[in-house]
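>>> Predicted coordinates and the sequence they were generated for:
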Amino acid sequence: MSINEFTGIIDAIRTLESDMARASGYSGSLRDTFWDDVMGVKGALDNTDFSELDYRADDKIEISDFFAESVERTAKMEQENYRAFHGSHGIAQQKQQTVAKITSEPFLREYQEKAIAFLKTRETQLIDRQA
C-alpha cells in the first residue's frame, strides 16, 4: 500500500472516532490512548519529507517497514545525544506498534465491525427522526 492509501485509512479512523464521540454527546476532548496513538502516526506522516527518503507518498511500500526504518534512524541518535535518543526512540517505537496494530487483519476486521455498528445506529436515528 502507498503512504497516501495508509493516510486515507488513518483519516477514516480519525473521522470515525470523532463522529462516535460527538454522537455519544461527549463534547469534551477526544483524547484517549488510541486517539493519541493514531494522531502520533498522522503527525509522523504529515511531517515526513518523502523526497528525502527517495520515494513519493504514492509509491507502493511496506508501511510497517517505513515505520521500522524510523525506529532505526532514531537509534542512530544514541551516540550523538542520549537524551534526544531516549525520547525520540520511544516515540518512534510507539508509532511502529500503532502501525502494526492498525494494519493487522484482526484490527481491521474489528474496526470494520465497529464502523458498521456505528453507521447502523446513525441510520436508525435518521429513520426515527423522519417518522
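Nice, I can see it.
>>> Check this protein and tell me which residue is nearest its centre.
The chain has Val38 as the residue nearest its centroid, 3.3 Å off, counting by CA atoms, centre = their mean.
>>> where's the residue nearest to it when sequence neighbours are not counted, which helix or strand?
The shortest distance from Val38 to any residue other than its chain neighbours is 5.5 Å, reached at Ile13 (CB to CB, 6 or more residues apart in numbering). Heads up, the C-betas are built off the backbone N, CA and C, glycines and all. Using DSSP states H and E, Ile13 sits within helix 3-23.
>>> Okay, buried residues for that helix please.
Ile3, Phe6, Ile9, Ile10, Ile13, Arg14, Glu17, Met20, Ala21 (16 or more other CB atoms under 10 Å).
>>> which residues of the protein score low on pLDDT?
For the chain, applying pLDDT under 70 flags the ranges 26-31, 78, 82-86, 124-131.
>>> now with 50?
Across the chain, the ranges flagged by pLDDT under 50 are 131.
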